[in-house]
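# Got a predicted structure plus its sequence, pasted below:
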Amino acid sequence: MTEPRPQGQDYESALKDSAAAVAEFDHGPQGFTRKFQHALHQTPALVPLIVLVAAIAVFGLLLGSKFFSPFALTLILQQVQIVGIVAAAQSLVILTAGIDLSVGAIMVMSSVVMGQFTFRYGLPVEVAVACGLLCGTLLGFINGWLVAKVKLPPFIVTLGMWQIVLAANFLYSRNETIRSQDIRDQAPLLQFFGTTLEIGGARLTYGVIFMVLLVIVLAYALRHTAWGRHVYAVGDDPEAAELSGVQVSRTLISVYMLSGLICAFAGWALIGRIGSVSPTSGQLANIESITAVVIGGISLFGGRGSILGAFFGALIVGVFTLGLRLLGADAQWTFLLIGLLIIAAVAVDQWIRKVSV
């Protein structure tokens, strides 16, 4: 026998009591968790920022003034400047739900073009630098055209481009390194981003300043311009974006071209960082940039994340690397912790994506 169904006002009262009970259940123990999850969804850079602050605090407690000195903190920025610039380029592509495995090769190829055009062909260094920047942009355009127009998967396109550019780099440069002393004597502009500024005990390079300014400019462009909104829309749902009037192909091509240009600037900064033009440098830039982006909270599924998060991700890697080195730990511990952070970042991203906006 089932209980008789309430009638009239009794039935309405029972519905209200039931709804209140459900609401109380939803906003009870899970209230803070849901609010926190929603906050992370709205501000993806919050997770890497929390991790960064926690890492700085832990190493600060363990190392004291040895870690908190202006020299040590600015050394972190110097160490991550190349990764930070390349990660900014990688972030743009991943926001469109793509991936660029050729960023490191484009970076090195652009630096080789700058050096070879200056020393092999005798062009003015300003022209050689412009040619290097144009080279990176052109390679990015080819990537974007193949992805947007030919409809090839970004992973396959950039994997092939990585191999092609890497081989072309060695063939064109004849595997020769242009020495730091020759650059310093004949073309110091190539080492511009390595110029050091002393500010109250802190040592900053123009490469670090460029990285910070690049992050600020891209963060503003992505959040406050129509182009930036189109980038997020394409990454979230390209079909819906096209139906709403977004020119998906043009947006994708512009993203890959800008990524190539940024990688070319990274190549110029790389010359300043290592002092020479070497075709064998920057071999880990692909993996390091993806690491910074993933730890920085940018979703590999596209459409969510921020350049600021990728910047925090690069800093996290730098903090762990320097902190463990100062503690005298084996370098393998750095790889172990970074690997754990990557897996944790992807897990957090999956958890955040479950929230309903």
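Done, it's in. Numbering: from 1, shown residues only.
# Every contact and neighbour count from this point should use C-alpha atoms.
Noted.
# thought residue 102 was touching residue 286?
Yes: look at residue 102 against residue 286 with CA atoms under 8 Å: they come within range, at 6.9 Å.
# Least confident secondary structure element in this protein?
helix 8-26 (a mean of 49; mean pLDDT, DSSP states H and E).
# Let me see the ranges of the helices in the stretch 151-300 of the chain.
According to DSSP state H, counting those that start in this stretch, the stretch 151-300 of the chain carries its helices in the segments 154-173, 180-186, 206-224, 226-236, 238-243, 248-274, 285-295.
# can I get those helices in CSV with mean pLDDT?
As requested, the helices of the stretch 151-300 of the chain are exported to CSV (pLDDT from 0 to 100):
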stretch, mean pLDDT
helix 154-173, 95
helix 180-186, 93
helix 206-224, 96
helix 226-236, 95
helix 238-243, 93
helix 248-274, 97
helix 285-295, 91
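# and of those helices, who's closest to residue 70?
Closest to residue 70 of the helices of the stretch 151-300 of the chain is helix 206-224 (CA to CA; 14.5 Å).
# Between residue 102 and residue 286, point out the one with more neighbours.
residue 102 (27 against 20; other CA atoms under 10 Å).
# Quickly note the distance from the more buried one to residue 297.
Counting by CA to CA, to the nearest Å, the gap from residue 102 to residue 297 is 21 Å.
# repeat for residue 163
Using CA to CA, one obtains 28 Å as the distance from residue 163 to residue 297.
# Neighbour count: the two, which is higher?
Ranked by neighbour count (other CA under 10 Å), residue 163 and residue 297 place residue 297 first, with 31 against 14.
# check contacts around the more buried one.
By CA atoms under 8 Å, 6 or more residues apart in numbering, the contact set of residue 297 is 44, 45, 47, 48, 305, 306, 309, 310, 313, 345, 346, 349.
# Repeat the analysis, applying 6 Å as the threshold.
Going by CA atoms under 6 Å, 6 or more residues apart in numbering, residue 297 touches 44, 305, 309.
# To residue 127, which of the helices of the stretch 151-300 of the chain lies closest?
Of all the helices of the stretch 151-300 of the chain, helix 248-274 comes closest under CA to CA, at 13.1 Å.
# how far out from the middle of the chain is that closest one?
In terms of CA atoms, centre = their mean, to the nearest Å, the centre of helix 248-274 is found 12 Å from the chain centre.
# which strands and helices sit next to it?
With contacts taken as 3 or more CA pairs under 6 Å, 6 or more residues apart in numbering; DSSP states H and E, helix 248-274 sits against helix 70-95, helix 103-119, helix 125-148.
# could you dump the ones you listed to CSV with distance to residue 264 and mean pLDDT?
Below are those laid out as CSV (distance: least, CA to CA, whole Å; pLDDT from 0 to 100):
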stretch, distance to residue 264, mean pLDDT
helix 70-95, 9, 93
helix 103-119, 5, 96
helix 125-148, 5, 97
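# Nearest to residue 178 among these would be which one?
helix 103-119 (7.2 Å).
# and that closest one with helix 70-95, angle?
If you take axes from the mean of the first three to the mean of the last three CA atoms, to 10 degrees, helix 103-119 sits at 110 degrees to helix 70-95.
# packing partners for helix 103-119?
When contacts are defined as 3+ CA pairs under 6 Å, 6+ apart, helix 103-119 packs onto helix 125-148, helix 154-173, helix 248-274.
# could you give the angle of the longest one to helix 206-224?
This means helix 248-274. Using the same axes, to 10 degrees: helix 248-274 against helix 206-224 is 160 degrees.
# can you start the count at 11 instead of 1 from here on
Sure thing, new numbering starts at 11, so read that last one as helix 258-284.
# Would you mind measuring from the residue positioned nearest the centre of the chain to residue 57?
Nearest to the geometric centre of the chain sits residue 97, at 3.0 Å (CA atoms, centre = their mean). Distance, residue 97 to residue 57, using CA to CA: 17 Å.
# out of the helices of the stretch 161-310 of the chain, nearest to residue 129?
helix 190-196 (8.7 Å).
# gap between the two ends of stretch 70-80?
13 Å.
# That one: how far from the chain's middle?
Remark: stretch 70-80 is offset 27 Å from the chain centroid, using CA atoms, centre = their mean.
# May I see the buried residues of that stretch?
By neighbour count on 16 or more other CA atoms under 10 Å, the buried set for stretch 70-80 is 70, 77, 78.
# before we move on, what about stretch 274-293?
So, applying 16+ other CA under 10 Å, buried residues of stretch 274-293: 274-283, 285-289, 291-292.
# Throw the helices and strands packed on helix 258-284 into JSON lines and include distance to residue 336, thanks.
Shown next, in JSON lines, are the helices and strands packed on helix 258-284 (distance: least, CA to CA, whole Å):
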{"stretch": "helix 80-105", "distance to residue 336": "10"}
{"stretch": "helix 113-129", "distance to residue 336": "28"}
{"stretch": "helix 135-158", "distance to residue 336": "37"}
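# Nothing else from me, thank you.
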